[in-house]
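> Structure for this input, please:
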Amino acid sequence: MKNITQLLSAEHQTILKVIDAVVKECEALENGKELELEFFQKTIDFIKNYADKFHYAKEEDILFKAMLENIENLHCNPIPVMLNEHDEGREYVKGMEQGIAENNQGKIIENARGYGMLLTDHIYKEDNVLYPMAEEALTSEQKDLVNQQYQEVEQKLNAEMDVEDLKFV
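Numbering: from 1, shown residues only. A predicted model of the protein is given here:
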């Protein structure tokens, strides 16, 4: 039986690389580097399309729903917290967009750092708590269905956008 969270954990590694690049860019800005709006525009594009549309589509629309079907097999329900953190991340992205629109370096840095801290912690919780719970709670049949649905989402989204182009670091 193929692991249903391995793919998601691999996608987390891509997201963490971007977060690392963003943190380094924030540090450089704080040390006097000139603001390059294009870097943050690419970051926002990555977050909206890869992290949110591509990755969260699998989590929110497939994995979380499958887990909720087996709620009795979970020792607790962390999904509302995970969904709330996804929404928090979206608010940081809006803040970065506002900072870009206002050419406000401080606002961009504040929201970029907030996003980075939130997602680093969030990814740790998913990889080390949520995903092991999912692997344990779901039946073989559910895992097969989840993997099939992942493939369908990937085919659809890959047809709409070139996911590899979104990985800018």
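> Check the burial of the closest residue to V22 other than its chain neighbours by counting its neighbours.
Leaving aside its chain neighbours, V22 sits nearest to A112 (5.1 Å; criterion: C-beta to C-beta, 6 or more residues apart in numbering). Every C-beta, even on glycine, is put in place using the N, C-alpha and C of the backbone. By the criterion of other C-beta atoms under 10 Å, A112 has 26 neighbours.
> Same question for Q6.
11.
> same check, this time on the one 5 residues further on
Residue neighbour count, defined by other C-beta under 10 Å, stands at 19 for E11.
> Then R113?
Other residues close to R113 by other C-beta under 10 Å number 17.
> Tell me which helix or strand in the chain has the weakest average pLDDT.
Sorting the helices and strands of the chain by mean pLDDT, DSSP states H and E puts helix 163-166 at the bottom, at a mean of 56.
> tell me the SS of the residue located most distally from the centre of the chain?
Relative to the C-alpha centroid of the chain, counting by C-alpha atoms, centre = their mean, G32 is the outermost residue, at 29.5 Å. Put simply, G32 is coil when judged by DSSP: H, G, I helix; E, B strand; the rest coil.
> Read off the pLDDT value for it.
Predicted confidence (pLDDT) for G32: 96.
> Next, please give the residue ranges for the strands of this structure.
For the chain, no strands turn up when DSSP state E is the criterion.
> before we move on, the earlier item: distance check, the residue nearest to V22 against I47.
10 Å (C-beta to C-beta, to the nearest Å).
> same deal with E30?
Applying C-beta to C-beta to E30 and I47 gives a distance of 21 Å.
> Which one of those two is surrounded by more residues?
I47 (25 against 12).
> how close does the residue positioned nearest the centre of the chain get to G89?
Closest residue to the average C-alpha location of the chain: A51 at 3.8 Å, with C-alpha atoms, centre = their mean. The gap separating A51 from G89 is 8 Å, by C-beta to C-beta.
> Now do the shared contacts for the two.
In the contact map built from C-beta atoms under 8 Å, 6 or more residues apart in numbering, the residues linked to both A51 and G89 are L119.
> what's the nearest residue to the residue nearest to the centre of the chain if we skip its chain neighbours?
I15 (5.3 Å).
> Just confirm that neighbour contacts Y50, I think it does.
Yes: if you go by C-beta atoms under 8 Å, I15 and Y50 touch, sitting 7.4 Å apart.
> With neighbour numbers in mind, choose between those two.
In this view I15 and Y50 are compared by other C-beta under 10 Å, and Y50 has more residues nearby, 23 against 19.
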